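Asker: I'll drop the sequence and a predicted model, then ask my questions.
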Amino acid sequence: MEINYLQAALLGLCACLASLPGMGGTTVGNYTLGRPLVGGLVVGLILGDVQTGVIVGAAIQIALVTPGGTVSADVRAVTYIGIPLSILAIHANNLDPSSVAASSMAATLGAAVGTLGTVLFYGTATLNLVWQSIGWKALES
């Protein structure tokens, strides 16, 4: 199984739509389309394997711990990067999508991608502070 350019573009578009406030606010965007369970269905539709997409999405959704409503990982990265990678890994290793090994692999990949997404998000926010200070200095002069 491979992901072609059109599928990759559609996955990127869905990830962007999941983060837009104009997508019905955070209710439709972040809290529905951005969650692994719903995103697994969307990814499965895009990749042509709905069953594996939903199973992987459910496994990652269960593994995603949100204490007090906070999310410790970048959920959109988990959903639209982690789930496709998990589906590819499951097919590459000829695993049964509903097996414990496939669920463990999906949760591990999802956690790794979510952590990397969080680090990149806050790294970008930190670097933006540099540009902000440059802008304030330019404004003062």
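Answerer: That came in fine, so what should we check first? Computed from a prediction, not measured in an experiment: that's the story for all the values here. Numbers count the residues shown, from 1 in each chain.
Asker: after the lowest-mean-pLDDT helix or strand in the chain comes which helix or strand?
Answerer: When the helices and strands of the chain are compared on mean pLDDT, DSSP states H and E, helix 25-28 comes out lowest with a mean of 64. For helix 25-28, the succeeding helix or strand toward the C-terminus, using DSSP states H and E, is helix 36-47.
Asker: for the record, mean pLDDT for that following helix?
Answerer: Mean pLDDT, taken over the full extent of helix 36-47, equals 92.
Asker: quick one: buried residues of it?
Answerer: Burial within helix 36-47, assessed by neighbour count using 16 or more other CB atoms under 10 Å, is assigned to 36-44, 46-47. Where you see a C-beta, it was placed from the backbone N, CA and C, and this is true even at glycine.
Asker: chain center to it, what's the gap?
Answerer: How far helix 36-47 lies from its chain's middle: 11 Å, per CA atoms, centre = their mean, to the nearest Å.
Asker: and it, what other elements does it pack with?
Answerer: Contact analysis of helix 36-47 by 3 or more CB pairs under 8 Å, 6 or more residues apart in numbering; DSSP states H and E lists helix 5-19, helix 50-63, helix 83-92 as its packing neighbours.
Asker: returning to what we had before: and which of the buried residues of helix 36-47 is nearest residue 76?
Answerer: Distance from residue 76 was checked for each of these by CB to CB. The minimum falls on residue 39, at 8.1 Å.
Asker: residue contacts, the closest one?
Answerer: 14, 18, 33, 57, 79-80, 83 (CB atoms under 8 Å, 6 or more residues apart in numbering).
Asker: likewise residue 49?
Answerer: Residue 49 sits in contact with 1, 87, 91, where contact means CB under 8 Å, 6+ apart.
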